[in-house]
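> Sequence and predicted model, in that order:
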Amino acid sequence: MMREMNARRVNITMRDGSVFRGYINIGSSRRISDFFRKPDNSPFIVMFEAAIGESKEKSVYFLNLNHILWVEPSEDDREGALDSITLESESR
């Protein structure tokens, strides 16, 4: 089964000052701001292909929404560098 992911590259600054740079899946939302305004049961967002600060090492992070200070689209996303990613998942 193939599904399309609506990935957006963002920079997320946490309350402690750490900055995460990577991608979030905004799903059916049209804008990043819409994604953060919609009600959700999970207090976490998943960030992938992400690095902390200026590090080049990338990983997956689960960020607590209550600890996010602000989110900004990265320069790459503003220029349309990545509009969507297609993922392949197994059907069960």
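Yes, it's here.
> From residue 39, how far off is residue 72?
Using Cβ to Cβ, to the nearest Å, residue 72 is found at 22 Å from residue 39. Placement of C-beta: from N, CA and C, glycine included.
> Show me which of the two is the more surrounded one.
Neighbour count, other Cβ atoms under 10 Å: between residue 72 and residue 39, residue 72 has more, with 13 against 4.
> for the most centrally placed residue in the chain, what are its contacts?
Nearest residue to the geometric centre of the chain (Cα atoms, centre = their mean): residue 24, 1.6 Å. Counting by Cβ atoms under 8 Å, 6 or more residues apart in numbering, residue 24 touches 7, 8, 10, 32, 35, 45, 46, 47, 48.
> The last one: which element?
Following DSSP states H and E, the helix or strand that holds residue 48 is strand 44-52.
> Check the contacts of residue 24 for burial and list the buried ones.
7, 8, 10, 32, 35, 45, 47 (16 or more other Cβ atoms under 10 Å).
> Just the C-alphas of the strand or helix carrying the second one, formatted as CSV.
Using DSSP H and E, the element containing residue 8 is strand 7-14. As requested, the backbone C-alpha atoms of strand 7-14 are provided in CSV (Å, rounded to 0.1, in the frame of the first residue of the first chain):
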residue,chain,number,x,y,z
ALA,A,7,6.1,16.7,4.5
ARG,A,8,7.3,20.2,5.3
ARG,A,9,10.8,21.2,6.3
VAL,A,10,10.7,23.3,9.5
ASN,A,11,12.9,24.7,12.2
ILE,A,12,11.5,24.1,15.7
THR,A,13,12.8,26.0,18.7
MET,A,14,12.1,24.5,22.1
